[in-house]
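# Predicted model follows, preceded by the sequence.
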Amino acid sequence: MSYPTQPTASHFINGQYVEDTDGAPIEVIYPATGEVIATVHSATPAIIDAALDAARSAQAAWGAMTGTERGRILRRAADMMRAANHDLSVLETYDTGKPYQETSVVDATSGADALEYFGGMAATLTGEHIPLGEDWVYTRREPLGVCVGIGAWNYPTQIACWKGAPALACGNAMVFKPSETTPLCALKVAEILHAAGLPEGLYNVIQGLGDVGAALVSDARVDKVSLTGSVPTGRKVYAAAAAGIKHVTMELGGKSPLIIFDDADLENAVSGAILGNFYSSGQVCSNGTRVFVHKAIKHAFLKRLSERLATAVIGDPMDPQTSFGPMVSERQMSIVLDYIAKGQAEGARLVFGGARMDREGFYVQPTVFADVHDDMIIARQEIFGPVMAVLDFDDEADVLARANDTEFGLAAGVFTCDLTRAHRIAAGFQAGTCYINTYNDAPVEAPFGGSKASGVGRENSKAAIEHYSQIKSVYVRMGDLEAPF
Ligand SMILES: NC(=O)c1ccc[n+]([C@@H]2O[C@H](COP(=O)([O-])OP(=O)(O)OC[C@H]3O[C@@H](n4cnc5c(N)ncnc54)[C@H](O)[C@@H]3O)[C@@H](O)[C@H]2O)c1
Ligand SMILES: CCCCC=O
């Protein structure tokens, strides 16, 4: 490995790299080869303490700065992140296995967008004046205090920024714990923020597994927890945060529906299904993995989908031509292969792929099952890999009811050329993020998040501000105050 993937130290606390080799080692594995490319150490209680103390001490002065001053630092960090895009993208590719073709245009770019957007918004975060005759109330929008961010492994840089940028813009401090599977890129985010002028202690990164996350969530110094992860983890983290009456954002998993009507533009619909199932090798939370295709176009859809999947360039993620890479880990690969076996055992028809690839690394072929029924395991559980389930339908009301018949509610999409039907279906979806004739766009300007078991709160957009700040009302009396005695 010629690229420097070993970080200076495992943690970033109070503006500098910190090591504590008493913590259990965590090996970082390049998914394309299985090679160990770095080792970090899990945070010990002393490291957890140091990070939370640093955040607590730094927050008050940061919260007292003007929004313009805070925003200037975040916007400078955004520029620095864009300037470092190539190196950050290479590191993200080594960390996750996602093709450089993706990481070079999505990950650090999306992180920089968040820093720029919330940096621009910081100065606009004001309260309001509420007249009450000669008296009045004014409100102050105040920070929450210390926010903990806990990340998943599929978009490590993006997640570190989607949580850090609004938290810092609102005047909070953050302690961020990346996924143990992809610990490298959040350290770079911390480095860049501090190089851009962020005072020390405001964005700390510590490593570890669920036990470190759990210790952070239950700590009395923490005011807010934002998790990106699976629904089972979300249930635990939400419960632990509730015990301390902490604010939460829960960005959790999904099993989202994508409905393709017979009047849809077929080529666009196939594009949507590909983007919503095979981008990042299918490891995207909002993926539309239950693809309901109108019976009249089912054969044409499957034929065109198979033709286009055959053109995927599967291989070395660092090759800019590669458009489909490995699963993030051996564990995730075996989870996905187990689901493929279950799909076959349940009688779904394998139309494309269906196997591990005969090469080093954790590669699973893009896989499509047709004739899937609503009650099959592959149609009900989140797989988080490149496995598309195609289900038939011929009635609008019926397909909408089937699309909503799930505990999840992260995303949903519809392809149709009928304008009124498109909006009727979008209104009927029980999901936080919906798409019409597109799939998986996630611009910083739009709220992103789930309903039902898929989450609480929203990331990105003005909506995120509500989840990283609180309103204080101040009552002001101008005249004398009467009392009953
Ligand atoms: N909604 C979204 O925006 C979004 C985005 C990306 C991924 N996801 C979801 O994330 C999942 C895949 O990621 P994953 O496998 O890393 O998820 P995961 O739930 O296994 O882990 C997520 C994070 O939580 C930590 N964690 C585990 N147990 C914990 C505990 N008890 N207390 C505190 N922290 C704990 C992990 O160490 C990790 O950092 C999928 O379900 C996917 O849909 C959601
Ligand atoms: C579309 C971007 C979603 C990030 C979650 O995995």
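Noted; the coordinates are in hand. Ligands and ions are numbered 1, 2, ... in the order given.
# all contacts plus neighbour counts: C-alpha atoms, from now on.
OK.
# what about the residue nearest to residue 198 when sequence neighbours are not counted, neighbour count?
Nearest non-adjacent residue to residue 198, counting by Cα to Cα, 6 or more residues apart in numbering: residue 73, 6.3 Å away. By other Cα atoms under 10 Å, the residues close to residue 73 number 22.
# Work out the gap between the helix or strand containing residue 73 and the centre of the chain.
Here residue 73 sits within helix 67-83, counting by DSSP states H and E. Centroid separation between helix 67-83 and its chain, computed with Cα atoms, centre = their mean, to the nearest Å, is 21 Å.
# Just the residues contacting that helix, thanks.
Here helix 67-83 makes contact (Cα atoms under 8 Å, 6 or more residues apart in numbering) with 62, 88, 108-109, 111-116, 118-125, 165, 168-171, 192-193, 195-198.
# and with 7 Å instead?
With contact meaning Cα atoms under 7 Å, 6 or more residues apart in numbering, helix 67-83 is reached by 108-109, 112-113, 115-116, 119-120, 122-123, 169, 192-193, 196-198.
# And it, what's buried?
Within helix 67-83, the residues that count as buried by 16 or more other Cα atoms under 10 Å are 67-68, 70-82.
# After that helix, heading C-terminal, what element do we hit next?
helix 85-96.
# Determine the set of other helices and strands touching that following helix.
helix 100-103, helix 107-121 (3 or more Cα pairs under 7 Å, 6 or more residues apart in numbering; DSSP states H and E).
# Ligand 1 is nearest to which of those?
helix 107-121 (12.3 Å; Cα to the nearest ligand atom).
# export that closest one as PDB, just CAs?
Below are the C-alpha coordinates for helix 107-121, written out as PDB (Å, rounded to 0.1, in the frame of the first residue of the first chain):
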ATOM      1  CA  ASP A 107     -18.500  12.000  -0.300                       C
ATOM      2  CA  ALA A 108     -16.100  14.900   0.500                       C
ATOM      3  CA  THR A 109     -18.200  17.000  -1.900                       C
ATOM      4  CA  SER A 110     -21.300  16.400   0.000                       C
ATOM      5  CA  GLY A 111     -19.500  17.100   3.300                       C
ATOM      6  CA  ALA A 112     -18.200  20.400   1.900                       C
ATOM      7  CA  ASP A 113     -21.700  21.300   0.800                       C
ATOM      8  CA  ALA A 114     -22.900  20.800   4.300                       C
ATOM      9  CA  LEU A 115     -20.100  22.900   5.800                       C
ATOM     10  CA  GLU A 116     -20.800  25.700   3.200                       C
ATOM     11  CA  TYR A 117     -24.600  25.600   3.600                       C
ATOM     12  CA  PHE A 118     -24.600  25.600   7.400                       C
ATOM     13  CA  GLY A 119     -21.700  28.000   7.500                       C
ATOM     14  CA  GLY A 120     -23.800  30.400   5.300                       C
ATOM     15  CA  MET A 121     -26.800  29.900   7.600                       C
END
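# counting contacts, what elements does it pack onto?
helix 67-83, helix 85-96, helix 156-169.
# export these to TSV and tack on mean pLDDT and distance to residue 256?
Listed next are these as TSV, based on pLDDT from 0 to 100; distance: least, Cα to Cα, whole Å:
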stretch	mean pLDDT	distance to residue 256
helix 67-83	98	32
helix 85-96	98	23
helix 156-169	98	20
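# now these in TSV, with distance to ligand 2?
What follows is the helices and strands packed on helix 107-121, written out as TSV (distance: least, Cα to the nearest ligand atom, whole Å):
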stretch	distance to ligand 2
helix 67-83	19
helix 85-96	13
helix 156-169	8
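# Now residue 240: closest residue in space, sequence neighbours ignored.
Nearest one to residue 240, counting by Cα to Cα, 6+ apart, is residue 218 at 6.0 Å.
# Narrow the contacts of helix 67-83 to those that are buried.
Judged by 16+ other Cα under 10 Å, buried ones among the contacts of helix 67-83: 108-109, 112-113, 115-116, 119-120, 122-123, 169, 192-193, 196, 198.
# domain parsing for this protein?
11-253+454-472, 257-436 (the TED database).
# Go through the contacts of helix 67-83 and name the one nearest residue 478.
residue 123 (29.5 Å; Cα to Cα).
# Double-check that the closest one belongs to a strand.
No: applying DSSP: H, G, I helix; E, B strand; the rest coil, one finds residue 123 to be helix, outside a strand.
# Mind pulling the model confidence for it?
Residue 123 carries a pLDDT value of 98.
# hmm, back to that, distance of the residue nearest to residue 198 from ligand 1?
25 Å (Cα to the nearest ligand atom, to the nearest Å).
# what's the answer for residue 329, then?
From residue 329 to ligand 1 the distance is 10 Å (Cα to the nearest ligand atom).
# Can you report phi and psi for residue 131?
Per-residue torsions, residue 131: phi -70, psi 140 (degrees, to the nearest 10).
# residues in contact with it?
By Cα under 7 Å, 6+ apart, the residues touching residue 131 are residue 137.
# Start the count at 6 instead of 1 going forward.
From this message on, residue numbering opens at 6, which makes the last subject residue 136.
# who's it bridged to?
Counting by DSSP bridges, residue 136 forms beta bridges with residue 141.
# what residues are up against the residue most central in space within the chain?
Centroid check for the chain by Cα atoms, centre = their mean gives residue 164 as the closest residue, at 5.1 Å. Neighbour list for residue 164: residue 156 [criterion: Cα under 7 Å, 6+ apart].
# Please repeat the previous calculation with a cut-off of 10 Å.
Contacts for residue 164 (Cα atoms under 10 Å, 6 or more residues apart in numbering) come out as 112, 115-116, 119, 154-158, 170, 181, 183, 191, 232-233, 464.
# Mind picking the two most distant members of the buried ones among the contacts of helix 72-88?
113 and 128 (23.8 Å).
# Show me what from this structure comes close to ligand 2.
Within reach of ligand 2 by Cα under 6 Å from any ligand atom, the chain has these residues: 289-291, 445-447.
# can you state the direction angle for the longest helix along the chain and helix 161-174?
Counting by DSSP state H, the longest helix found in the chain is helix 50-69. If you take axes from the mean of the first three to the mean of the last three Cα atoms, to 10 degrees, helix 50-69 sits at 50 degrees to helix 161-174.
# of the helices and strands packed on helix 90-101, which approaches residue 324 most closely?
Nearest to residue 324, of all the helices and strands packed on helix 90-101, is helix 105-108, at 7.0 Å by Cα to Cα.
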